[in-house]
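Visitor: what shape does this take:
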Amino acid sequence: KNPTEMAKQKGHFVEGCIQNGIRKEKAESLFALIAPFAAYGFNKAHAASYAMVAYQTAYMKANFPVEFMAAVMTAESDDTDKIAAAIEECKRLKIVVLPSDVNKSGIGFSLESLTDLKQEDLERSLSGTAVSKVKQGIRFGLSAVKNVGLSAIESILKARKIREFVSLLDLISKVDTRLVNRKTLESLIKAGALDQLGLRSAQLLILDQALEESHKSAKNKLAGQFSLFESAEDMGSLVLKLPDVEELPLEQMLVFEKDLLGFYLHEPPYLDALQKLTKVVSCKISDLQEDHIGQRLVIGGVINNVKRVFTKKSNAEMAFVKISDGISDIETVIFPATFDVSKDFLLKDQVIVVSGRIDKREEELSLVVDKINLFDPETAGDLLQNQNSIEIYIPMGTDISVLQNINRTLRGFPGKTSVTLLLQSNGELRRMNLP
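Guide: Coordinates of the predicted model:
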């Protein structure tokens, strides 16, 4: 897959063919068939195999959607962006996706009967679907939580075989705390895997005390120190009352969930705006590919991070702003002139719409911004009218008949929308604004 190297081989190939009795014209036509494979090529067997796999997976998704999506999420379990995309697809398919739970989850993704769950359990669905036509949902495994290793999970699964955990202290007293250590427990609490046992704020407050009580109980067991009225089994059922405190602020829980899971269990305040962005943008961040490099696009998302810097030449302030559409993110480059008129609203968790050119920096796609708007769902229609333009990309070597068809179509349907042709010429992308 190296076009430059392939071009170097043409002379050797043609010369070798001539030496073996093949005419030069025939040799060149043969090489012309081979050359495209320096980019990417499908032979018939490869294409047929792909077609079969495409049909088989389409059949599975159409007839066994819950099992199919569980398999997809298992295969992509190490990629939080793809997991977020899979959850969005489950929303579309109305499949219930349930969060990690120390009393329900296994190691990885698993199928779970919905008929045995309470309504409050169903309302915690990550896919926003509490009612499903099918009787099964997908449950996140405990391995989805950062800082929770396989040995810790196995200890939790072994401890709950007899019955489900009823409290944080009950959990701690039954697991091996050398494996399920403080960091693991703290991560499980913050990620919501213990939500059925109490408020996260209350559990975090008594975590150290619960560990201490459990260690004392374990030492007493080893020393044989039982009271006259309790058995060894009773000693395993410790009680530690949760403090009466308010739950953590939503903003704090969102930070914990994003950090430990890579996605949100709770609905962030900007979710509604993100969902309405699709009416304004020309491309979603999660759909961006290297093919978009050089193109001018309108994208939008919520601000995750703002890094302000000063230029070396003029000491003017500019910024690198990372935005996300809820599935993927991209870094936007905002130069001084644009930054100066937008810096007041470039704040974390603000939803913005930006237009500019797709570039590649340090092996990652980025957007060089020339215009920014703070997104307001109520005025989305006005914003769309202000950005009412169409760009048509014309690849190098496009037949003249295609250009003639474009010209006839545009002339046949006149309107107020501006049209720009993006022409590939000598490795550069030229813009031609049409009247």
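
Visitor: any idea which strand is longest in the protein?
Guide: Counting by DSSP state E, the longest strand found in the chain is strand 296-310.

Visitor: can you list the helices and strands that that one packs against?
Guide: helix 271-276, strand 317-324, strand 329-334, strand 351-361 (3 or more C-beta pairs under 8 Å, 6 or more residues apart in numbering; DSSP states H and E). For every residue, glycine as well, the C-beta is placed using N, CA and C.

Visitor: okay if I get these as a markdown table plus mean neighbour count, distance to residue 378 and mean pLDDT?
Guide: Listed next are the helices and strands packed on strand 296-310 as a markdown table, based on neighbours: other C-beta atoms under 10 Å; distance: least, C-beta to C-beta, whole Å; pLDDT from 0 to 100:
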| stretch | mean neighbour count | distance to residue 378 | mean pLDDT |
| --- | --- | --- | --- |
| helix 271-276 | 15 | 10 | 82 |
| strand 317-324 | 20 | 20 | 93 |
| strand 329-334 | 20 | 24 | 93 |
| strand 351-361 | 19 | 12 | 89 |
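
Visitor: mind putting those into a markdown table with distance to residue 59?
Guide: Output for those, formatted as a markdown table (distance: least, C-beta to C-beta, whole Å):
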| stretch | distance to residue 59 |
| --- | --- |
| helix 271-276 | 30 |
| strand 317-324 | 34 |
| strand 329-334 | 34 |
| strand 351-361 | 36 |
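
Visitor: for residue 393, find the nearest of the ones you listed.
Guide: For the helices and strands packed on strand 296-310, proximity to residue 393 was assessed by C-beta to C-beta; strand 351-361 is nearest, at 11.6 Å.

Visitor: strands paired with the closest one, and their directions?
Guide: strand 296-310 (antiparallel), strand 364-374 (antiparallel) (DSSP bridges).

Visitor: low-scoring stretches of this protein, by residue?
Guide: Scanning the chain for pLDDT under 70 picks out 1, 128-134, 222-239, 379-389, 424-429, 435.

Visitor: which residue is nearest the middle of it?
Guide: residue 81 (2.1 Å; C-alpha atoms, centre = their mean).

Visitor: now that one: how far from residue 69?
Guide: Look at residue 81 and residue 69: by C-beta to C-beta, to the nearest Å, they are 16 Å apart.

Visitor: likewise residue 293?
Guide: 32 Å.

Visitor: which of those two has more residues huddled nearby?
Guide: The residue with more neighbours, out of residue 293 and residue 69, is residue 69; 22 against 14, by other C-beta atoms under 10 Å.

Visitor: report the secondary structure state of that one.
Guide: helix (DSSP: H, G, I helix; E, B strand; the rest coil).

Visitor: so it touches residue 92, yeah?
Guide: No - using C-beta atoms under 8 Å, residue 69 makes no contact with residue 92, being 10.4 Å away.

Visitor: sounds good, over and out.
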